[in-house]
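> how would this look folded up:
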Amino acid sequence: MVPEDLSAEAPPSPQEENPMEAGPPAGPEALSQLFKQVPEIIEYFSYYLNTQVDRAKLSITKFLLGIALGVLGFAMVSALAFISIWLFFSGIANGLSENLNHQTWLGNTMVGGFLLLCIGIVIKVTLVKIKRGSLKRKAKEYERQLHEQQSKFGHSVVEQATAGTEN
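Below you'll find the model as predicted:
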């Protein structure tokens, strides 16, 4: 028997072949491995940030495009409505002018005056409805407050005021 050469390298152990199977490294090895992985982590984080920035830019672009298309659509519909209304009332004015011995100014004035009267009536009715609704909401709010006072204190401010004037 020949003694084994102690200087010869022994075959690597399974832990040395694949260090990850041996468990996480400890001590200086862990710090060394961390420093080796820092560039990779930075690259992954940079990639993540770039995707998030691109996603935000895409969302903003889609939002602005939607607004632009909405404004354009509104402008087109408004222009179409304006032209239609103009042609309609112009036709009425021209028809009146024919019946008024071809006095165009009189037909235009009558139709314009009628339109102004209609607009004034619509504005007045709208303002009255808004005021009436506001007054109703306030009256309900005051009633609710009176009921709360009645339940909390056994009387309301109105009852107290009327009781004070009777004495």
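> The residue nearest the centre of the chain is in what secondary structure piece?
Geometric centre of the chain, nearest residue: residue 63, 10.1 Å, by CA atoms, centre = their mean. Here residue 63 sits within helix 28-99, counting by DSSP states H and E.
> what's that helix packed up against?
On a contact count with 3 or more CB pairs under 8 Å, 6 or more residues apart in numbering; DSSP states H and E, helix 28-99 meets helix 104-153. C-beta: built from backbone N, CA, C; applies to glycine.
> helices or strands up against the helix or strand that the helix it packs on is followed by?
Going down the chain from helix 104-153, the next helix or strand is helix 157-166, by DSSP H and E. Contacts defined by 3+ CB pairs under 8 Å, 6+ apart place helix 157-166 against helix 104-153.
> that older thread, and the residue nearest to the centre of the chain, how far from residue 138?
39 Å (CB to CB, to the nearest Å).
> mind giving me the domain split of the chain?
25-99, 104-153 (automatic domain parsing).
> export those domains to JSON lines and tack on mean pLDDT and distance to residue 160?
JSON lines is the format used below for those (pLDDT from 0 to 100; distance: least, CB to CB, whole Å):
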{"stretch": "domain 25-99", "mean pLDDT": "92", "distance to residue 160": "55"}
{"stretch": "domain 104-153", "mean pLDDT": "93", "distance to residue 160": "9"}
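> Reformat the ones you listed as CSV; add distance to residue 162.
Output for these, formatted as CSV (distance: least, CB to CB, whole Å):
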stretch, distance to residue 162
domain 25-99, 56
domain 104-153, 12
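> looking at those, which is closest to residue 165?
Residue 165 lies closest to domain 104-153 among the domains of the chain, at 17.3 Å (CB to CB).
> so how far is that closest one off the chain centroid?
Its chain's C-alpha centre and that of domain 104-153 lie 29 Å apart, by CA atoms, centre = their mean, to the nearest Å.
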